[in-house]
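model this:
(2 chains)
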Amino acid sequence: MFRLLIVEDEPATAAELAAGLTRAGYHTTLAHSGDDALLTVLGQPFDAVVLDVMLPGFSGFEVVRAMRERGCGVPVLFLSALGAVADRVRGLHEGGDDYLVKPFAQSELQARIAALLRRGHPSQAAAAPAVVQVGDLTWDPHQQRVTRAGKRLDLTPNELTLLALLLEHRGQVVTRSQIARSVWQLEFEPPGNTIDVQVRRLRNKVDDPYDRKLIHTRRGFGYVLEDL
Amino acid sequence: MSPTRPAGSVVRRLQLGFFVSAALLAGLVAAVIEWSLLDTLEQEDRLLIDGVAAELAARRSLGQLEVQERSLQVVPLAWRVLAPDGGERLRSPGFVDLQDLAWPTPEQGPVELNRGDRVWLARAVRLPRSQERLQVALDRSVEMQLLWRHRMIVVAAVVMGAAAALWIGRALAQAGLRPLRRIAEAAAEIGPGDAAMRLDSSEVPTELQEVVGRLNAALERLHRSAMALDGAASDIAHELRTPLNLLRLRLENLGLQQPLPADVAGALGDALEDIDAMAQILEHLLFLARIEHGRGEARPVAVDPGAELRKVGQFFAAAAEEAGVVLQVTAAELSIQADPTLLQRALHNLVANALRHAPAGSTVTLSVLREGDTAVLAVDDAGSGLPQGVLDRLGERFVRSEPSRQRATGGSGLGLAIAARVAEVHQGRLAARLGPGGHVELRLPVTGPQPGW
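Sure, this is the predicted structure:
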């Protein structure tokens, strides 16, 4: 079980974060100030730190700097209300590993934490992606080929990228902003409902001709690919 | 609003003032000198003719007068002696054509007489011990010619001095204004991003110190308000995003903890969507606030606008297909200095607008072409186009072509504002044409944003 340190000064937010991450299978520890966070992270082993930037005492940036100066290399994910490019750049420059702007979806937070943990365990990250199967949908990443019930699906490159993202996170909710970032490399949330349309058209090809639906909408959360 | 008319050139006015006062002064001095010279010469001549008359009168006999005549030939004199009855007794050879002039009586002083182009100073005296009169005239013509020549020289000197004053005045005025130009140049360098900058008052003359001081004070106030706004933007971000985040976490946990009845789950999903919509508007407003205060968002690199347009085209391909609209990209080969993320953001908003207004079966065209040093990235649709009301306020926040504020049709009302700010950060602008047919373009200099942004 991975151990997470959650540093958040606002008690209600901290409690909700902890509840969500505990439910997702993490062992969580809470800290409510910068000094508190530094003492805790240097005193106990953690696999990752979820760190609010605006904290009483040391700021999140200062906590990371102090951690790195003391040789503590635990991956850090910043949570911040500040979303300017300059703020993100600063966060990464100070030694953070990722930066998530509030408000965010918990599924995205969890996906980012999972990515940080994978980065910390190269054996897992390097594992060559084998053929993935969900229900009667088969994805062969090497041949860029998707078949359903033995029939090859005719997908555009972008549809394939989108489906691959959903397949990589099969069983987990993928948000619109994750799609915007992973499929389109957009550093902003695109206006309008274009991403919903993209998923809808993918679904037309993947699900419409078949009785068993694999791509599901979780309204308010995002999209999930799973064989229910 | 009436156009303001400039109050004219300061250099020109100073120059003119310098010229006029120099010309007046020189003219006055010349006139005084001229008058006093004239007066002095006339006094001298009067003394001379009095002396000559007295001298001549003392020599009574004709022989004596003839001797005198010869000795006086250095002075251009003419004289005659008149009997009491007016008959002429004696005349000098030069006394030819003066007899019919209005000679003064012996009681009068010397009088000026004119004959042809010659001027005489005439005097009459009564000879002692007889009733005879002596008339003497001094020829002043040569003197007058010299005086005239002198006057010409003085006038020429005055004119030349005035001309020099014109030139010197200009040079002085320009030199005097040079510190002002330096201040203007320094002020021109100040962009929205560096309100912390101050003008250097060290090399500024005393008279302009106050101006610089006041400009710096204004900059200081601007800087403080910019800081306050900047702070306000961060504060708003924190104050609104923190509770929005908590709300989202709570609702998510509520939905994920236990299975909910379908209607409750649906309402919860709607609420989460509303939170995301709110967060997006907030993000757009903060983006606008940041970009308007020049908080270094732009990171320009060499960008191929055509490639960016194709990327945007691909992103909107699914949406276009679903709307029954053909999305076409025509791009000239071009390289500009731009921030790709900002450019994408602007284009996404423009294309989303176009697709919203394009009727089914029509074509939306994304194009890029070069006009001189400007790259024109245009989005055209066959919709009704932007109404005049929107064109007049192009780039302002919350200006929509539809009166309805429904997001489904009207958009957030921030898309054009974002595109306009992005264009401005790149030293370009957003332009649009009146319908029918939507046409919006980003006009960006190929050189990209100036440093400081």
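
which residues does residue A:138 form a beta bridge with?
For residue A:138, the beta-bridge partners under DSSP bridges are residue A:133, residue A:147.

ok, now which ones touch it?
By CB atoms under 8 Å, 6 or more residues apart in numbering or on different chains, the contact set of residue A:138 is A:131, A:132, A:146, A:147, A:148. All C-beta spots, glycine's among them, are computed from the backbone N, C-alpha and C.

same question for stretch A:84-101, mean pLDDT?
Averaging pLDDT along stretch A:84-101 yields 90.

Report the buried residues of it.
The neighbour-count criterion (16 or more other CB atoms under 10 Å in any protein chain shown) identifies A:84-85, A:87-88, A:90-91, A:94-101 as the buried residues of stretch A:84-101.

can you check stretch B:140-152 too?
In stretch B:140-152, counting by 16+ other CB under 10 Å, buried: B:140, B:143, B:151.

can you redo the residues you listed as CSV with distance to chain A, pLDDT and secondary structure?
As requested, the buried residues of stretch B:140-152 are arranged in CSV below (distance: CB to the nearest CB, whole Å; pLDDT from 0 to 100; DSSP: H, G, I helix; E, B strand; the rest coil):
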residue, distance to chain A, pLDDT, secondary structure
B:140, 94, 84, coil
B:143, 91, 83, helix
B:151, 79, 88, helix
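
and which of these is nearest residue B:159?
The closest of the buried residues of stretch B:140-152 to residue B:159 turns out to be residue B:151 (CB to CB; 12.6 Å).

Leaving out chain neighbours, which residue sits closest to that closest one?
Excluding the flanking residues, the one nearest residue B:151 by CB to CB, 6 or more residues apart in numbering or on different chains is residue B:34, at 6.0 Å.

That neighbour against residue B:152, yeah?
No - at 11.0 Å, residue B:34 and residue B:152 do not qualify as touching, with contact defined as CB atoms under 8 Å.

So which residues of the stretch 251-400 of chain B form helices?
Counting by DSSP state H, counting those that start in this stretch, residue ranges of the helices within the stretch 251-400 of chain B are B:262-292, B:305-315, B:317-323, B:340-357, B:388-392.

With chain A instead?
Secondary structure of chain A (DSSP state H): helices at A:11-23, A:34-43, A:60-69, A:85-93, A:106-120, A:122-126, A:157-168, A:176-184, A:194-206.

mean pLDDT lowest for which of the ones you listed?
helix A:122-126 (a mean of 55).

Next secondary structure after the worst-scoring helix or strand of chain B on mean pLDDT?
In chain B, the helix or strand scored least confidently by mean pLDDT, DSSP states H and E is helix B:407-410, which has a mean of 46. Next helix or strand after helix B:407-410 toward the C-terminus (DSSP states H and E): helix B:415-425.

now the angle between helix B:262-292 and that following helix, please.
Angle of helix B:415-425 versus helix B:262-292, following axes from the mean of the first three to the mean of the last three CA atoms, to 10 degrees, is 30 degrees.

Give me the distance from helix B:415-425 to the chain's centre.
30 Å (CA atoms, centre = their mean, to the nearest Å).

counting contacts, what elements does it pack onto?
Secondary-structure packing of helix B:415-425 (3 or more CB pairs under 8 Å, 6 or more residues apart in numbering or on different chains; DSSP states H and E): helix B:262-292, helix B:340-357, strand B:429-433, strand B:438-445.

now those as a markdown table including mean pLDDT and distance to chain A?
Shown next, in a markdown table, are these (pLDDT from 0 to 100; distance: least, CB to the nearest CB, whole Å):
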| stretch | mean pLDDT | distance to chain A |
| --- | --- | --- |
| helix B:262-292 | 88 | 3 |
| helix B:340-357 | 93 | 4 |
| strand B:429-433 | 91 | 16 |
| strand B:438-445 | 93 | 14 |
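
Nearest approach to residue A:184 belongs to which of the ones you listed?
Closest to residue A:184 of the helices and strands packed on helix B:415-425 is helix B:340-357 (CB to CB; 8.9 Å).

now for that closest one, which elements pack on it?
Contacts defined by 3+ CB pairs under 8 Å, 6+ apart place helix B:340-357 against strand B:301-303, helix B:305-315, helix B:317-323, strand B:363-371, strand B:374-381, helix B:415-425, strand B:438-445.

Out of these, which one sits most buried?
Highest mean neighbour count of those: helix B:415-425, a mean of 25 (counted as mean count of other CB atoms under 10 Å in any protein chain shown).

got any ranges where the stretch 351-453 of chain B has weak pLDDT?
Across the stretch 351-453 of chain B, the ranges flagged by pLDDT under 70 are B:401-411, B:448-453.

quick one, what contacts residue B:225?
If a contact means CB under 8 Å, 6+ apart, then residue B:225 has no contacts.
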